[in-house]
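Student: Compute the structure for the input listed below.
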Amino acid sequence: MTTKTRTARAPKGAETRREALLSDFALTPVSDEERFAAALAVCQRATDASDARELLDALGLLDVAIVRGAA
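Tutor: Below you'll find the predicted structure:
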């Protein structure tokens, strides 16, 4: 009985499909209204101000100039 060593095989089409999927992905700019709506949704679900600030900062929605002006 002979045994064959298995090798990982990826069809040649797999790489081109991956490249196609990556090139099809396009980021669209987010409007100020959408950013504001997202920030409001985060603040509604946050347990307190520090939680809201941490979440907004993690999502890139924290505008430091506005926060300083509100203080």
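
Student: Tell me where the model's unsure across this structure.
Tutor: The model of the chain has pLDDT under 70 over residues 1-15, 21-26, 64-71.

Student: Helices along that one, start to end?
Tutor: Taking DSSP state H as the test, the helices found in the chain are 12-24, 32-45, 49-59, 64-70.

Student: Show me what the second one is in contact with.
Tutor: To tie it back to what came earlier, the one meant is helix 32-45. Residues outside helix 32-45 that contact it (Cβ atoms under 8 Å, 6 or more residues apart in numbering) are 30, 52, 55-56, 59, 61. C-beta: built from backbone N, CA, C; applies to glycine.

Student: Pull the most distant pair out of these.
Tutor: Comparing every pair within the contacts of helix 32-45 by Cβ to Cβ identifies 30 and 52 as the most remote, at 18.9 Å.

Student: If you count surrounding residues, which of the two has more?
Tutor: Shown here are residue 30 and residue 52; by other Cβ atoms under 10 Å, residue 52 has more neighbours (18 against 12).

Student: ok, the closest residue to the more buried one other than its chain neighbours - how many residues close by?
Tutor: Nearest residue to residue 52, sequence neighbours excluded (Cβ to Cβ, 6 or more residues apart in numbering): residue 46, at 3.5 Å. The tally of other residues near residue 46 (other Cβ under 10 Å) stands at 15.

Student: measure residue 46 to residue 34 for me?
Tutor: Distance, residue 46 to residue 34, by Cβ to Cβ, to the nearest Å: 19 Å.

Student: again, but for residue 43
Tutor: As judged by Cβ to Cβ, residue 43 and residue 34 stand 15 Å apart.
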